[in-house]
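# would you be able to build a 3D model of this:
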Amino acid sequence: MKDHVQSNWSSAILVCRKCSKKVEGGFGPDGDERLAKALRRHLKLKKGRKAAAGIVEVNCLGICPKGAVTVINGAQSREWLLVRPCADLDDLARKLDLLAGEVHPPG
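Numbers count the residues shown, from 1 in each chain. Predicted coordinates:
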């Protein structure tokens, strides 16, 4: 049995699942998607370990902001973002270092 597997992720983004369920309005073009799915779709990322970057919903991060979702870039874990449903996904991707030109699989 293997003791590890590789991914193509250049970075791992953690999105609070509980916050995503609580926000009113949601994300995406129609405002009906959770942040992780909307961001993944906006950046045209695949799901799973073969994607260029990982956007993962995790259990409650303990911040619980009203009307926002807590997001963490694993590479910059000292700074957590609070993202409101009206947020520009391009701006969010820039803050998370996930712009199309910056997301590359290793190798």
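# C-alpha only now, for contacts and for neighbours.
OK.
# list the buried residues in stretch 26-44.
For stretch 26-44, a neighbour-count test (16 or more other C-alpha atoms under 10 Å) marks Gly26, Phe27, Gly28, Glu33, Arg34, Leu35, Ala36, Lys37, Ala38, Leu39, Arg40, Leu43 as buried.
# which residues touch the closest residue to Ser7 other than its chain neighbours?
Nearest non-adjacent residue to Ser7, counting by C-alpha to C-alpha, 6 or more residues apart in numbering: Arg49, 4.6 Å away. Counting by C-alpha atoms under 8 Å, 6 or more residues apart in numbering, Arg49 makes contact with Gln6, Ser7, Asn8, Trp9.
# helix or strand: which one has Arg49?
Assigned by DSSP states H and E, Arg49 belongs to no helix or strand.
# distance of it relative to Val5?
The gap separating Arg49 from Val5 is 9 Å, by C-alpha to C-alpha, to the nearest Å.
# for the protein, which spans come out with low pLDDT?
100-107 (pLDDT under 70).
# how about the strands in it?
Applying DSSP state E to the chain gives strands spanning 12-16, 54-58, 69-73, 80-83.
# just these: most buried one?
strand 69-73 (a mean of 24; mean count of other C-alpha atoms under 10 Å).
# with only the CA atoms kept, save that strand in PDB.
Extracted in PDB, the C-alpha atoms of strand 69-73 (Å, rounded to 0.1, in the frame of the first residue of the first chain):
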ATOM      1  CA  VAL A  69     -17.400  33.300   4.200                       C
ATOM      2  CA  THR A  70     -14.000  32.600   5.800                       C
ATOM      3  CA  VAL A  71     -11.300  31.600   3.300                       C
ATOM      4  CA  ILE A  72      -7.700  30.600   3.900                       C
ATOM      5  CA  ASN A  73      -4.900  30.200   1.500                       C
END
